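Colleague: got a predicted structure plus its sequence, pasted below:
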Amino acid sequence: MDRHHYETFEKFGNETFIIHLDNGRGFGKHSHDELSILVPLSQCCRLRKSTHLRLQLLAKEEYQLSRLMEESLLRDRLHPVLIQPHLEAMDRRLRLVLQVLAVCVEKEGYSNVVEGKTHSLYPYSGQGSRIKHTAYTLIENKEV
């Protein structure tokens with residue numbers, strides 16, 4: 001919720017530049033879920049099919065968002081970037097997003113909420129993309 005402004009760095013005179021300044025609350029309080037963030041989603045009730053499938057996949061036990069994030073952050077020089085309660089909050093918040101989407105689908109119908117094709121679902125390449133192959137497999141087998 002702290003990404004609605006920018007800062008400038010003016011220490012060396014008039015030659016300023018925009019900087020991204022993280023005030024340490026980028027993930028919020030791990031014990032509080034700011035539900036107002038979900039209002040645009042619940043009002044519009046629209047998203048791409050690839051996004052919907054990705055969210056569903058990240059909610060599965062074997063591709064749990066918190067585990068993938070933790071694995072990714074192990075390589076960060078500032079490790080640990082997030083403590084366990086923040087990682088757990090990510091999974092809880094993902095479930096909240098999926099609940100909002102479920103209400104949308106129930107109210108509007110799947111085809112009116114989820115749109116698009118899945119051909120570019122996981123365009124990531126290179127090492128460490130555990131989700132890519134599994135996502136295609138799950139989609140082909142209609143397990144997602």
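Modeller: That came in fine, so what should we check first?
Colleague: any chance you could map the strands in the protein?
Modeller: Using DSSP state E, the strands of the chain run over 7-9, 17-19, 47-48, 114-115.
Colleague: look up the pLDDT of D33 for me, please.
Modeller: pLDDT, D33: 90.
Colleague: residues contacting it?
Modeller: D33 makes contacts with A89, R92, R93, L96, as judged by C-beta atoms under 8 Å, 6 or more residues apart in numbering. For the C-beta atoms, the positions are set from N, CA and C on the backbone; glycine is no exception.
Colleague: drop anything exposed from those residues.
Modeller: A89, R93 (16 or more other C-beta atoms under 10 Å).
Colleague: shaky segments in the protein?
Modeller: For the chain, the stretches flagged by pLDDT under 70 are 1-25, 117-144.
Colleague: for it, which helix is longest?
Modeller: helix 84-108 (DSSP state H).
Colleague: and the contacts of it?
Modeller: 27-28, 30-31, 33, 35, 38, 41-42, 45, 47, 52, 55-56, 58-59, 64-66, 69-70, 113-114.
Colleague: one more time with 6 Å, if that's ok
Modeller: F27, H30, D33, L38, L41, S42, C45, A59, L65, S66, E70, V113 (C-beta atoms under 6 Å, 6 or more residues apart in numbering).
Colleague: now render the residues you listed as TSV, adding distance to L82.
Modeller: Formatted as TSV, the contacts of helix 84-108 follow (distance: C-beta to C-beta, whole Å):
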residue	distance to L82
F27	6
H30	9
D33	16
L38	21
L41	23
S42	27
C45	30
A59	18
L65	12
S66	9
E70	8
V113	31
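Colleague: so which of the residues you listed belong to helices?
Modeller: Short answer: the contacts of helix 84-108 in helices (DSSP H) are L41, S42, A59, L65, S66, E70, V113.
Colleague: how near is S111 to L53?
Modeller: Distance, S111 to L53, by C-beta to C-beta, to the nearest Å: 15 Å.
Colleague: quick one: the spatially closest residue to L41 that is not a sequence neighbour and Q64, what's the gap?
Modeller: Nearest residue to L41 in three dimensions, chain neighbours excluded: V100, at 5.4 Å (C-beta to C-beta, 6 or more residues apart in numbering). Applying C-beta to C-beta, the value for V100 to Q64 is 19 Å.
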